[in-house]
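Colleague: Sequence and predicted structure are below.
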Amino acid sequence: MFEGLSKRLGDVFDRLRGRGALTEADVDTALREVRTALLEADVALPVVRQFVDEVRPKAIGADVIRSVTPGQMVIKIVNDHLVEMLGGTVADLDLSAVPPVIILMVGLQGSGKTTTSAKIAYRLTQGPQGMAAEVFGTSGTFSTRRKVLMASLDTRRPAAQQQLKILGEQTGVATLPIVPLEMPLAITRRAMDQARREGFDVLILDTAGRTSIDEELMTEVKQISDLAQPKETLLVADAMTGQDAVNVAKAFNDRLAVTGIVLTRVDGDSRGGAALSMRTVTGRPVKLIGVGEKFDALEPFHPDRIASRILGMGDIVSLVERAAETIDKEDAEKLAAKVRKGQFDMNDLLSQLRQLRKMGGLSGLMGMLPGAMQAKAAMANAKIDEKQLKRQEAIILSMTPRERRNPDLIHASRKKRIARGSGVQVQDINKLLKQHADMLKMMKRVNKLGEKGFMRSLGSMTPPPGFPR
């Protein structure tokens, strides 16, 4: 989401780092470029002005100008203010009321309210799970499994209620039965009554949206809010909306006292200004972000991690958490045991390729590493194609079970058959087989020398021509 902003700020800060000393004029020049970068990223003008006005006095202070590393000091100040602008700390959903706790979902049509409702419900019903919970522990909103009921109040958009019903079936979350021609306030009363009678912990009310703000929409949502008295009123906004998202957020917040914001399509090519602006303009925290289409593609919003990614410092914590969420501990232990025995067949390679795709693919992982922009540029220069992972998976799936267990069986005629089955060239089969052979050779070498011996052997190797010593 913040790729363009990250690149612009990275260029600014690279110049600052290259200077041994900074003058007030240097800082002013850098902040002018920061201002331009924020405006180009669709951050609202009043927010940009406030940001620069707060950063400048600290950036030209004596502690910075006389610092041994003034460029790094300025970057730290900008980082701290970005974190503050984004909310400072993680804001969890407040589900502390007497059940059923009501969550009211509001926003414009097409912002992703219905899908987000299902994602939140799915996470609440799942609770802590798998290796992620074991490694990191789980606290707050998603610390326990909850019984959730979803109800669609959208009687205007065709098939909106049916959509929520289908999402409920896919996620295993209960939905309020549909009664034709029933009006939103009547649906709200029926949903609250059913949630109380059947002992639901959480009731999620998915309201109707419009293509733009109008009085009829705001009146209807206000009436529903007054009746339901929700503990959480979540404004769902598309991160790709740009500066108009700020006006939408302000309009809803003025009428409904929004408690939090959910940004959707954060994994798209939006400029990111909405996330930076909405928190400042409304004073309400961004609580969750949608990072994909799947039901588990919903994450808490961490201001410090987002600020680090914007400034090109990476997000290693999120990377490790994502790995912990997607890696099955039992499968990992089985693979480790096979590797120790020098066994690594095509089935194992297939599972690793799928693991990498689950974690967001190469570009998704690169975005969380320090120096993300440089890493992505290197990928582009090396012509590393993200689709290659899918092609390699198709190749392995075109092999017979016996060939996957023993790749040495794959010779000319088999390669032609596999190439036809996977829609690739024979040379693509050769590349994958060589990649597998190299991995197996390295694993056997590690087993023979031990980890320390293997690292020493790498250090003593003669680098190839042109490689920096």
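Modeller: Done, it's in. Residues are numbered from 1 along each chain as shown.
Colleague: Ramachandran coordinates for V101?
Modeller: Torsion angles at V101 (phi, psi; degrees, to the nearest 10) stand at phi -80, psi 130.
Colleague: Wasn't R145 part of a strand?
Modeller: No - when classified by DSSP: H, G, I helix; E, B strand; the rest coil, R145 is found to be coil rather than part of a strand.
Colleague: List the contacts of it.
Modeller: With contacts taken as CB atoms under 8 Å, 6 or more residues apart in numbering, R145 has the following neighbours: 124-127. (Glycine included, C-beta is placed from N, CA and C.)
Colleague: To which secondary structure element type does L288 belong?
Modeller: From three-state DSSP, the assignment for L288 is strand.
Colleague: which residues does it bridge with?
Modeller: When bridges are called by DSSP bridges, L288 pairs up with V262, P300.
Colleague: and it, how far is that from G112?
Modeller: Taking CB to CB, to the nearest Å as the criterion, L288 is separated from G112 by 11 Å.
Colleague: Those two: which is more packed in?
Modeller: Legend: neighbour count by other CB atoms under 10 Å for L288 and G112, higher for L288 (25 against 21).
Colleague: on that earlier part again, and the contacts of R145, which are buried?
Modeller: Of the members of the contacts of R145, the ones counted as buried by neighbours, 16 or more other CB atoms under 10 Å, are 124-126.
Colleague: Filter those residues down to the ones in helices?
Modeller: When the buried ones among the contacts of R145 are checked against helices using DSSP state H, the ones located there are 124-126.
Colleague: Out of the residues you listed, flag the one nearest to L227.
Modeller: When these are ranked by distance to L227 (CB to CB), L124 comes first, at 22.5 Å.
Colleague: Thought L149 was touching that closest one, still the case?
Modeller: No - contact status for L124 versus L149: not in contact, 10.8 Å apart, counting by CB atoms under 8 Å.
Colleague: Find residues that contact each of the two.
Modeller: Shared between the contact lists of L124 and L149 (criterion: CB under 8 Å, 6+ apart) are residues V202.
Colleague: where's the closest residue to V34 other than its chain neighbours relative to K250, distance?
Modeller: The spatial neighbour of V34 that comes closest, neighbours along the chain excluded (CB to CB, 6 or more residues apart in numbering), is V12 at 6.1 Å. Separation of V12 from K250 (CB to CB) stands at 30 Å.
Colleague: what do you get for D238?
Modeller: With the distance defined as CB to CB, D238 ends up 16 Å from K250.
Colleague: Look at the two and report which has more neighbours.
Modeller: Under the criterion of other CB under 10 Å, the comparison of D238 against K250 puts D238 first, with 22 against 17.
Colleague: hang on, V12 in a helix?
Modeller: Yes - secondary structure assignment (three-state DSSP) places V12 inside a helix.
Colleague: Which member of the buried ones among the contacts of R145 is positioned nearest L234?
Modeller: Nearest to L234, judged by CB to CB, of the buried ones among the contacts of R145 is L124 at 12.9 Å.
Colleague: which residue sits closest to that closest one, ignoring its sequence neighbours?
Modeller: Counting by CB to CB, 6+ apart, the nearest residue to L124 once its immediate chain neighbours are dropped is R146, at 4.5 Å.
Colleague: so where do the helices sit in the stretch 1-150 of the chain?
Modeller: Taking DSSP state H, counting those that start in this stretch as the test, the helices found in the stretch 1-150 of the chain are 3-17, 24-40, 45-59, 62-65, 70-85, 113-126, 130-136.
Colleague: If anything else comes up later, I'll come back, but that's it for now.
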